[in-house]
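1. Pasting a predicted model and its sequence here:
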Amino acid sequence: MRQLISFSLKRFKNAKIIEAVDGVDALKKLSGPEKIDLILTDINMPVMDGLKLVSLVRQNAQLKGIPIIIITTEGAEEDRERGLALGANAYISKPIQSSHLIKTISELLAV
Amino acid sequence: MNEESSKAEKFLELFNKGKEFTEELLRENQRLRFRLASMETEHGTREEVDRLRAEVQQLTDENRRIAMRFKEVEEENKDFAHRYIEIEEQNNNLANLYVASYQLHSTLDFREVITIVQEIVINLIGAESFAILLLDEKTNELKAIASEGEDVMPGVDTVSARLGDGILGQVAKTGESYYINQDVEGGTIALDRPLAAVPLKIKEHVIGLIVIYRLLQQKDSFSAVDYELFSLLAAHAATAIFSSKLYSQSERKLNTIQSFLDLLTTN
């Protein structure tokens, strides 16, 4: 999954991809020295799931402005609404269409 | 005197007539000149009108030609837009296929290869419930070695079949994939009647199956790229599974031999 996304993001030539294994690892990396422009997260992750991560990022004064895209197998409308209500900017259901992902990222980053 | 005055009168009369005639000639001349001028003007305008009329006709033709070309270009444009979407889709599919094959051959660890196959089936095909079965060549039995979605398809983790028996057995025996389009063909999906069964083949030798029972809620049916992914999986996943299995077996054997050698050299 991460490899597919990394491969899709090769189109953004100057993009640096920082991978995290779960929500906790993601939060740790978000608090690091690197300036993060966009967060891509799954919902089903070990230790801390994607929805919790979205919620914590939105409550954090330093991180709350970072756009978040949820990529998940959960395709029900209520899941989508829940993700967006927590503060995600976009919600993409699997199977992954890299063209859709690229379009969403381009729109969010205005590139 | 009288004779002289009579001559003078006749001369005067003649002079006056000459004068009148001359004046009449001048008037006629002027009239003709005016007529000529007006005829010239009239003639000139007609030519101009004819010229303009021809020009208008030419412009109308040109306009019609441009309108037709515009229509043609518009059609071409639509065609290009369709082509662009198709190419974008192809691009997307190629990216998926590339990542899938790249991932499959990125490791020689058997469990890791199986996890990658599972990831491909979930993330790229969009399956919610499926099983990976391997053929035991000693017993001719297909047994599940990995599965997903036990909650929506109970028993998927223990699915098995004998070579040649039922749909799964037949797919393993013939090496021909099996698909049904549930929307069109209907029917109930059961452990022995899946949505799809794809043989894992090395050349013509079947080593196992990927059996799909249910797609993700947001996915109605298989798409064209899914069939491409299935054929890729049939070949690449089979090779990756087979080589990783061989590798782990050889690792085990190597360890055994090494231990044996260590034992011999110690003594």
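-> Perfect, thanks for sending it.
2. Pretty sure residue A:55 is one of the things residue A:88 touches, is it not?
-> No: applying C-beta atoms under 8 Å, one finds residue A:88 not in contact with residue A:55, separated by 9.7 Å. Just so you know, the C-beta spots here come from the backbone N, C-alpha and C atoms, and that holds for glycine as well.
3. So between those two, which is more surrounded?
-> Ranked by neighbour count (other C-beta atoms under 10 Å in any protein chain shown), residue A:88 and residue A:55 place residue A:88 first, with 25 against 16.
4. where does that one land in three-state SS?
-> Secondary structure, DSSP: H, G, I helix; E, B strand; the rest coil: residue A:88 is coil.
5. quick one, what contacts it?
-> Going by C-beta atoms under 8 Å, 6 or more residues apart in numbering or on different chains, residue A:88 touches A:54, A:68, A:69, A:70.
6. repeat that for 6 Å
-> With contact taken as C-beta atoms under 6 Å, 6 or more residues apart in numbering or on different chains, residue A:88 is in contact with A:54, A:68, A:70.
7. Could you tell me the phi and psi values at it?
-> Dihedral pair for residue A:88: phi -70, psi 150, per degrees, to the nearest 10.
8. ok, so what distance separates it from chain B?
-> Residue A:88 is 16 Å from chain B, where distance means C-beta to the nearest C-beta, to the nearest Å.
9. export the contacts of residue A:88 to JSON lines and tack on distance to residue A:27, pLDDT and neighbour count?
-> Supplementary listing: the contacts of residue A:88 in JSON lines, determined by distance: C-beta to C-beta, whole Å; pLDDT from 0 to 100; neighbours: other C-beta atoms under 10 Å in any protein chain shown:
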{"residue": "A:54", "distance to residue A:27": "11", "pLDDT": "95", "neighbour count": "24"}
{"residue": "A:68", "distance to residue A:27": "13", "pLDDT": "96", "neighbour count": "23"}
{"residue": "A:70", "distance to residue A:27": "16", "pLDDT": "95", "neighbour count": "26"}
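10. tell me which of those residues is nearest to chain B?
-> Chain B lies nearest to residue A:70 out of these, by C-beta to the nearest C-beta, at 13.4 Å.
11. which residues are in contact with the helix or strand the closest one falls within?
-> Residue A:70 belongs to strand A:68-72 when assigned by DSSP states H and E. For strand A:68-72, the surrounding residues in contact (C-beta under 6 Å, 6+ apart) are A:39-43, A:50, A:54, A:83, A:88-92, A:104.
12. How far off centre is stretch B:167-183?
-> 29 Å (C-alpha atoms, centre = their mean, to the nearest Å).
13. mind listing what the closest residue to residue B:202 other than its chain neighbours touches?
-> Spatial nearest neighbour of residue B:202, chain neighbours left out: residue B:238 (5.0 Å); criterion: C-beta to C-beta, 6 or more residues apart in numbering or on different chains. Going by C-beta under 6 Å, 6+ apart, residue B:238 touches B:200, B:201, B:202, B:207.
14. what does residue B:117 give?
-> Residue B:117 makes contact with residue B:237, according to C-beta under 6 Å, 6+ apart.
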